[in-house]
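J.: no sequence on this one, just coordinates:
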């Protein structure tokens, strides 16, 4: 398989309304795929792309809602590509359209069913969901079932497990949700990431996807990234092509007068961390970091049912296990890549926007009589250190003084000057010894991952971004 192409559909709405999803908070517009099939064929010609590709169809909503999506999928499969499509599993007519394809085309299709238990139950669509899964199971298409782990479902875990065993003969895979409000993209939970992982592991879903996600969640890729040559992101409406989710515009993918510029991200990743690492690393787009157990993409997507059926069938299994072609560059070529990337504008976060958004949320919580100390109690943290004594650090200190949480010390590079201004407080430098506390709260949001690396090099104390604390407490 030459490379992975993420094909982003213009759909910005969904027939479900899950509380943890950002779609309906942005827009509620259904757009059709306007590009004619003849142009799609030319743009996705395997000769133009260097070979057959794994094409992942996704959107900011339900990708199967546009009426002509099955036609587009059939067109791509007939060209020899392998197609992955994400779906909430409730659009029976669209799913049946895929199942009407010839067997050889079905073998090239992989449906990722998102299991939104609470919303499916509310809309009385659970039977529809499971029936569609079982119909796909009987076909030559491959599938997986993935459930977003939510705080609200912790108490429903046993019910969900029994239901899935009864209806589809195995358990769903489990994924960790990220909080899109946070620049640091922390876990969408009222619990810390560490506690969230421990609680969901204890529920016994035994999901390789969850295990790998837990190892890589929040981990920045600080080495050469091959996204951009082993992977590209294409907007189906505008044609905008980027190297990855957080990189800049490269060219119009549908401008057939120009050759595609296969330009790796290299050492110019703009994302706080690789939040698609659970796919990029197992499929071979990005190297798995040292110390992290490696999985194939097959292992994080497949399950074997009680009747001996594998979700991922032989043709798709071969693609998933082989991964994308391991195109390698020499050191000289990597240097040229970094020089080329330096010519593009860097997408930088607006520090003021990030901080003001957090402060607005914090103020709203205070008006609702939510106290930040509750986040620490809930997660079993009784003593803290605050890293950074600027505006956010001082606000956090003031609020925690009203609780029973013990602030043992404050870490700041201007410790000498702060000691003069604030006598009686224990202020230390980043180079000093970090004494034992339950958790270190890092208040410089934009520099969180750099500061966390400093802390991890000095001690084994758990670290949190102040975003994790404020937005996490908002979910209580």
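T.: The structure has been received and is ready for your questions. All of these numbers come straight from a predicted model, not from anything done at the bench. Residues are numbered from 1 along each chain as shown.

J.: Strands along the stretch 101-250 of the chain, start to end?
T.: All strands of the stretch 101-250 of the chain, identified by DSSP state E, counting those that start in this stretch, fall at 109-115, 142-148, 173-175, 231-235, 240-242, 249-252.

J.: What are the contacting residues of the second one?
T.: Going back to what we said before, that points to strand 142-148. 18, 20, 109-117, 133, 136-137, 153, 160, 164, 168, 172-175, 177, 205, 209, 301-303, 311-313, 315-317 (CB atoms under 8 Å, 6 or more residues apart in numbering). Just so you know, the C-beta spots here come from the backbone N, C-alpha and C atoms, and that holds for glycine as well.

J.: hang on, the earlier thing: of all the strands of the stretch 101-250 of the chain, which lies closest to residue 46?
T.: Counting by CB to CB, residue 46 lies closest to strand 231-235 out of the strands of the stretch 101-250 of the chain; the figure is 14.6 Å.

J.: which helices and strands does the closest one pack with?
T.: Where contact means 3 or more CB pairs under 8 Å, 6 or more residues apart in numbering; DSSP states H and E, strand 231-235 is packed against strand 4-8, strand 240-242.

J.: Check these for me and report the most buried one.
T.: Mean neighbour count (mean count of other CB atoms under 10 Å) peaks for strand 4-8 among these, with a mean of 22.

J.: Which residues does that strand contact?
T.: Applying CB under 8 Å, 6+ apart, the contact partners of strand 4-8 are 44, 49, 53-59, 230-236, 283, 285, 324.

J.: and the residues you listed, which of them are in helices?
T.: When those are checked against helices (DSSP state H), the matches are 49, 283.

J.: Mark which of the contacts of strand 4-8 are buried, thanks.
T.: Buried subset of those (neighbour count, 16 or more other CB atoms under 10 Å): 44, 49, 53-59, 230-236, 283, 285, 324.

J.: tell me, what residue is most central in this structure?
T.: For the chain, residue 275 is the residue whose C-alpha lies nearest the centre (CA atoms, centre = their mean; 4.1 Å).

J.: pretty sure that one belongs to a helix, no?
T.: No. Counting by DSSP: H, G, I helix; E, B strand; the rest coil, residue 275 is not part of a helix but coil.

J.: hang on, isn't it packed against residue 180?
T.: No. With contact defined as CB atoms under 8 Å, residue 275 does not reach residue 180; the gap is 10.0 Å.

J.: mind checking how far residue 96 is from residue 114?
T.: According to CB to CB, to the nearest Å, residue 96 and residue 114 sit 18 Å apart.

J.: all helices for the stretch 51-200 of the chain, in order.
T.: 69-78, 92-99, 103-106, 117-122, 126-138, 157-168, 193-201 (DSSP state H, counting those that start in this stretch).

J.: got the buried residues for the fourth one?
T.: Using 16+ other CB under 10 Å as the burial criterion, the residues of helix 117-122 that qualify are 117-120.

J.: just these now: which is nearest residue 77?
T.: Nearest member of the buried residues of helix 117-122 to residue 77, counting by CB to CB, is residue 120, at 28.1 Å.

J.: OK, contacts around the nearest residue to that closest one once chain neighbours are set aside?
T.: Of all residues not flanking residue 120 in the chain, residue 126 sits nearest, at 4.8 Å (CB to CB, 6 or more residues apart in numbering). Residues near residue 126 by CB under 8 Å, 6+ apart: 117, 120, 163.

J.: quick one on the thing from earlier: give me the more crowded residue out of residue 96 and residue 114.
T.: residue 114 (21 against 14; other CB atoms under 10 Å).

J.: where are the low-confidence patches of the protein?
T.: Applying pLDDT under 70 to the chain picks out residues 22-31.

J.: Buried residues in the top helix by length along it, which are they?
T.: Ordering each helix of the chain by length in residues (DSSP H) puts helix 351-367 first. Across helix 351-367, burial judged by 16+ other CB under 10 Å covers 354-355, 357-358, 362, 365.

J.: go on, stretch 123-137?
T.: 125-126, 128-130, 132-133, 136-137.

J.: now do stretch 7-16
T.: In stretch 7-16, residues buried by neighbour count (16+ other CB under 10 Å) are 7-14, 16.

J.: now swap in stretch 99-119 and tell me
T.: In terms of neighbour count (16+ other CB under 10 Å), stretch 99-119 has its buried residues at 99, 101, 105-119.

J.: List the neighbours of the helix or strand just after the longest helix of the chain that are in contact with it.
T.: Note on helix 351-367: by DSSP states H and E, the next helix or strand toward the C-terminus is helix 373-378. Helix 373-378 is contacted by residues 190-191, 382, 384, 399-400, 402-405, 438-439, 469, 472-473, 476 when judged by CB under 8 Å, 6+ apart.

J.: what does stretch 341-356 give?
T.: 183, 246-250, 263, 265-268, 270, 391-392, 445-446.

J.: Now that we have those residues, which of them are buried?
T.: 183, 246-247, 250, 263, 265-268, 392, 445-446.

J.: Take those and keep only those in helices.
T.: Among the buried ones among the contacts of stretch 341-356, the ones falling in helices (DSSP H) are residue 392.

J.: got TSV for the buried ones among the contacts of stretch 341-356, with distance to residue 432 too?
T.: Converted to TSV, the buried ones among the contacts of stretch 341-356 look like this (distance: CB to CB, whole Å):
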residue	distance to residue 432
183	28
246	34
247	38
250	45
263	43
265	36
266	36
267	31
268	34
392	21
445	23
446	23
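
J.: for the buried ones among the contacts of stretch 341-356, which one is nearest residue 87?
T.: For those, the nearest to residue 87 is residue 246 (25.0 Å; CB to CB).

J.: so the closest one touches residue 269, yeah?
T.: Yes. Assessed by CB under 8 Å, residue 246 is found in contact with residue 269 at 7.3 Å.

J.: who touches residue 201 in this structure?
T.: By CB under 8 Å, 6+ apart, the contact set of residue 201 is 210, 214.

J.: oh sorry, the question was meant for residue 246
T.: Taking CB under 8 Å, 6+ apart as the criterion, residue 246 is in contact with 269-271, 347.

J.: of all these, which comes closest to residue 338?
T.: residue 269 (11.5 Å).

J.: Surely that closest one and residue 219 touch.
T.: No. If you go by CB under 8 Å, residue 269 and residue 219 don't touch, sitting 11.8 Å apart.

J.: Strands along the stretch 251-400 of the chain, start to end?
T.: Assigned by DSSP E, counting those that start in this stretch, the stretch 251-400 of the chain shows strands spanning 383-387.
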